[in-house]
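Trainee: Next comes the sequence, and after it the predicted model I'd like to discuss.
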Amino acid sequence: MNSMNVIRGRPRGHAMINRDKLYIDGSWTRSTGTDQIMVEDPKNGQIIGSVPDGTLADVDAAVSAARKSFSIWSESSVEHRIEILTNLSESFKARSDTLAEVITMEVGTPIEYSKIAMVGTPRVVAKSYAKLLDSYQWESQIRNSLIVKEPIGVCGFITPWNFPLHQIIGKVAPAIAAGCTMILKPSREAPLNAFLLADMLHEIGLPNGVFNLVSGRGSSVGSRLSSHPGVDMISFTGSTNAGVKVTEQAAESVKRVTLELGGKSANVILEDADLSKAIKSSISACFANSGQTCSALTRLIVPESRISEIIPLVKERVEGYKVGDPMNPSTKCGPMVSSEQKESVLEYINSGIEEGAELIAGGPDPIEGLEDGYFVRPTAFSGVLPSMRIWKEEIFGPVLSITTYTSEEEALLLANDSDYGLSGGVWSEDIDRAITFARKMKTGQISVNGGPFNVSAPFGGYKKSGNGRELGIHGFEEFLEVKSIQKPIER
């Protein structure tokens, strides 16, 4: 068993969580290297744990294990996979508090949001694939052809820190369902939850080699996974620049590549919208997880005729968005994940001021009493122009940019004025009007009047926000190959 300071899976207060082995071929295994990656608590910068800094040889061993197990797991019964996924969902429920606390310690996500989004959503996703398998049609007939769907093979997963467990399960659950085997490289900033997941999969009896975990750096472990000839598919979630590198590394072996990348999503308030509801929801849609969300609705596009009503509402909501210790249930906005991320967000805030946007809430000043952590004031700008950096570039922090329009056609042009196309929102008292507008937005998913996230609907982006889809049947079929078997035509 891998060493960890725990009592029944729960960290002892704030004791160090040191994971000193990798999970390869169904057992905890020493890395061939000796270096460790230290994990920080972003609320105070203190070290809370460590994981192995994996090597190229570790990746090779994990790929070998996954290839060996694929021939057996790919032929496993659908009923067995349903059982595994159902038990995994139940394990999430049993370990909910522990997982939420660890993720809050790693990422700085407010604890109540961690329980709902960081752990609750993965639990539902795992269960959703068990339900999907129950009725999925693996074969169909087209004239004289038998169309067969088969697991693609060995998959490599490279996942981010902002929704660490959710992004992992969005890949692991459909891969298990499809009959694929896998190697996971979690983020350096938030790897500890992935080790807990390995514990859970081991305990529920996932066969050896189906799931393998190699922590490490993108420049070594990630690059090796992307380029490895023994990996049939690479699924990456992270920045657009890193996604381009993954695609380049994967090109030589012509493996399948799916990418969920950056976003700079627009939220459009049409003239007839209920402002009170729209602004309340818009602030949450921008600042959830302290703004560290790829699908955050960070560009608020509003009618010029109503801007005088909107600015006071935004100012009040943003200034009331409580910043503090993420373990405090009343906290809405925790720290940025790292000092580098904090400095990056502050640079964007300062650029907004320098380029002439009107600061209506927040700003770059330190927060009294929170100087030791990586905290940033929730910030909102109005009068933002499409030429400004805060309009064009993904900030990945609690910063809202507001601009105005004079016609619905202009609002649509502004909404689509982005290199990205991951998410979006539309508000109108006329639902048909809102849906008509949403149809014209060049983005992967759109919330109408605050419509909630659906784990069975496809998630993914247009343009530089990525390729492929995750979640639901669309995410499942990314892990399948399609074969046509032509039968003779009877005369």
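Mentor: Here it is on my side, so go on.
Trainee: For residue 484, grab the count of nearby residues.
Mentor: Neighbours of residue 484 under the rule other Cβ atoms under 10 Å: 10. Just so you know, the C-beta spots here come from the backbone N, C-alpha and C atoms, and that holds for glycine as well.
Trainee: Doesn't it lie inside a strand?
Mentor: Yes. Under DSSP: H, G, I helix; E, B strand; the rest coil, residue 484 falls within a strand.
Trainee: ok, the closest residue in space to it that isn't next to it in sequence - contacts?
Mentor: Of all residues not flanking residue 484 in the chain, residue 145 sits nearest, at 4.9 Å (Cβ to Cβ, 6 or more residues apart in numbering). Counting by Cβ atoms under 8 Å, 6 or more residues apart in numbering, residue 145 makes contact with 484-487.
Trainee: Tell me the one among the residues you listed nearest to residue 425.
Mentor: Ranked by distance to residue 425 (Cβ to Cβ), those are led by residue 484 at 40.8 Å.
Trainee: Could you list the buried residues of stretch 362-379?
Mentor: Using 16 or more other Cβ atoms under 10 Å as the test for burial, stretch 362-379 gives 362-364, 370, 373-379.
Trainee: what comes into contact with the one helix or strand residue 132 maps to?
Mentor: If you go by DSSP states H and E, residue 132 is part of helix 121-135. With Cβ under 8 Å, 6+ apart as the contact definition, helix 121-135 has outside contacts at 78, 81-82, 85-86, 88-89, 92-93, 96, 165-166, 168-170, 173-174, 176-177, 453, 455-456, 471-473, 476.
Trainee: Could you do stretch 451-465 as well?
Mentor: So stretch 451-465 is in contact with 121, 124-125, 128, 170, 240, 258, 260-263, 294, 418-423, 442-445, 466-475, going by Cβ under 8 Å, 6+ apart.
Trainee: so for it, what's the average pLDDT?
Mentor: Stretch 451-465 carries an average pLDDT of 96.
Trainee: For it, what is the distance to the chain centroid?
Mentor: Its chain's C-alpha centre and that of stretch 451-465 lie 11 Å apart, by Cα atoms, centre = their mean, to the nearest Å.
Trainee: same question, stretch 179-196
Mentor: 13 Å.
Trainee: With stretch 400-413 instead?
Mentor: The answer for stretch 400-413 is 28 Å, by Cα atoms, centre = their mean.
Trainee: Send over that stretch as PDB, restricted to the C-alpha atoms.
Mentor: Extracted in PDB, the C-alpha atoms of stretch 400-413 (Å, rounded to 0.1, in the frame of the first residue of the first chain):
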ATOM      1  CA  LEU A 400     -15.300  40.400 -15.700                       C
ATOM      2  CA  SER A 401     -15.200  42.600 -18.800                       C
ATOM      3  CA  ILE A 402     -18.400  44.500 -19.800                       C
ATOM      4  CA  THR A 403     -19.100  46.100 -23.100                       C
ATOM      5  CA  THR A 404     -22.300  47.500 -24.800                       C
ATOM      6  CA  TYR A 405     -24.100  47.200 -28.000                       C
ATOM      7  CA  THR A 406     -26.800  49.200 -29.800                       C
ATOM      8  CA  SER A 407     -28.300  46.400 -32.000                       C
ATOM      9  CA  GLU A 408     -28.800  42.700 -31.800                       C
ATOM     10  CA  GLU A 409     -26.600  42.300 -34.800                       C
ATOM     11  CA  GLU A 410     -23.800  44.100 -33.100                       C
ATOM     12  CA  ALA A 411     -24.300  42.000 -30.000                       C
ATOM     13  CA  LEU A 412     -23.800  38.800 -32.100                       C
ATOM     14  CA  LEU A 413     -20.600  40.200 -33.800                       C
END
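Trainee: So for it, what gets flagged as buried?
Mentor: For stretch 400-413, burial by neighbour count (16+ other Cβ under 10 Å) applies to 400-405, 408, 411-412.
Trainee: Out of these, which sit inside helices?
Mentor: Counting by DSSP state H, the buried residues of stretch 400-413 place 408, 411-412 in helices.
Trainee: out of those residues, who's nearest residue 202?
Mentor: residue 412 (50.5 Å).
Trainee: leaving aside the residues next to it on the chain, what's closest to the closest one?
Mentor: Nearest to residue 412 is residue 440, by Cβ to Cβ, 6+ apart, at 5.6 Å.
Trainee: got it, and residue 194?
Mentor: Nearest residue to residue 194, sequence neighbours excluded (Cβ to Cβ, 6+ apart): residue 186, at 3.8 Å.
Trainee: can you check residue 146 too?
Mentor: residue 485 (4.2 Å).
Trainee: Pairing partners for whichever helix or strand residue 184 is part of, with directions?
Mentor: Following DSSP H and E, one finds residue 184 within strand 181-185. Partner strands for strand 181-185, per DSSP bridges, with pairing direction: strand 154-158 (parallel), strand 211-213 (parallel).
Trainee: Can you pull out the residues in contact with the longest one?
Mentor: Spelled out, it's strand 154-158. With contact meaning Cβ under 8 Å, 6+ apart, strand 154-158 is reached by 63, 66-67, 70, 168, 171-172, 175, 180-185, 218, 222, 225-226, 228, 230-238, 246, 479.
Trainee: Any stretches of this protein with poor pLDDT?
Mentor: Counting by pLDDT under 70, the chain has low-confidence residues at 1-14.
Trainee: Can you verify my assumption that residue 441 contacts residue 297?
Mentor: No. Contact criterion Cβ atoms under 8 Å: residue 441 and residue 297 do not qualify, at 11.8 Å.
Trainee: Can you check which residues contact both of the two?
Mentor: Listed contacts common to residue 441 and residue 297 are 266, 424; contacts here mean Cβ under 8 Å, 6+ apart.
Trainee: For those two, indicate the residue with more neighbours.
Mentor: residue 297 (27 against 21).
Trainee: give the contact list for the more buried one.
Mentor: 265-267, 282, 285-286, 423-425, 447.
Trainee: How about the secondary structure of it?
Mentor: Here residue 297 is recorded as coil under three-state DSSP.
Trainee: if I look at it, how far off is residue 383?
Mentor: Distance from residue 297 to residue 383, counting by Cβ to Cβ, to the nearest Å: 18 Å.
Trainee: With residue 316 instead?
Mentor: Residue 316 sits 18 Å away from residue 383, going by Cβ to Cβ.
Trainee: Pick out whichever of these two has more residues nearby.
Mentor: Taking other Cβ under 10 Å, residue 316 and residue 383 do not tie; residue 383 has more neighbours (17 against 12).
Trainee: I'd guessed the more buried one sits against residue 355; true?
Mentor: No. The criterion here is Cβ under 8 Å, and residue 383 misses it with residue 355 at 10.2 Å.
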